[in-house]
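Q: Below: sequence and its predicted model.
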Amino acid sequence: MAEPLLGKFDQAFQYIQEFTGFFTPGIVVIFMMGMFWKRATSMGAFSAAFGSAAFSFLFMKFWPELPFMDRVGLVFLLCLTLCYIVSMLGKPNTEDSSVSLEKVSFATNKSFLYPLLANR
């Protein structure tokens, strides 16, 4: 009964991993570049998202013997490179759109830390 859904996969878990492997590298690149590189642009992020699905499909189609984890890692590196190139070719953002944390207090009281200290 699961044959039409799973196709060539022996287990449903393999199917889920294969499906998420198409999009996860691009999503990780978008978060990393957005959080750690101020020069990243929205077009760079879009290219990483689109590139993730496109590169994954191309590798699956033309290099099917490449192991799953190797393909995900290679797609991640290609998306990272693509996001960098597209962001460098575009105009840099001139406005600061980051979240201000000036009015946020990260202080905690001793009762919050007690469970952590009690287990030592």
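A: Good, I have the coordinates.
Q: Can you tell me what sits against stretch 77-87?
A: 25-26, 29-30, 32-33, 37, 39-41, 43-45, 47-48, 51-52, 55 (Cβ atoms under 8 Å, 6 or more residues apart in numbering). No exception for glycine: its C-beta is placed from N, CA and C like everyone else's.
Q: Those residues, buried ones only, as a ChimeraX selection?
A: The buried residues among those can be selected in ChimeraX (16 or more other Cβ atoms under 10 Å) with this line:
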select :25,26,29,30,33,40,41,44,45,47,48,51,52,55
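Q: Narrow the contacts of stretch 77-87 to those in helices?
A: 25-26, 29-30, 32-33, 43-45, 47-48, 51-52, 55 (DSSP state H).
Q: Can you tell me which of those lies closest to F13?
A: Distance ranking of these against F13, using Cβ to Cβ, places P25 first at 19.1 Å.
Q: can you pull out the helices in the chain?
A: Using DSSP H, helices in the chain cover 3-6, 12-36, 42-62, 68-89, 110-118.
Q: Just put these in TSV and tack on mean pLDDT and distance to K103.
A: Shown next, in TSV, are the helices of the chain (pLDDT from 0 to 100; distance: least, Cβ to Cβ, whole Å):
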stretch	mean pLDDT	distance to K103
helix 3-6	59	50
helix 12-36	87	21
helix 42-62	94	27
helix 68-89	95	30
helix 110-118	67	20
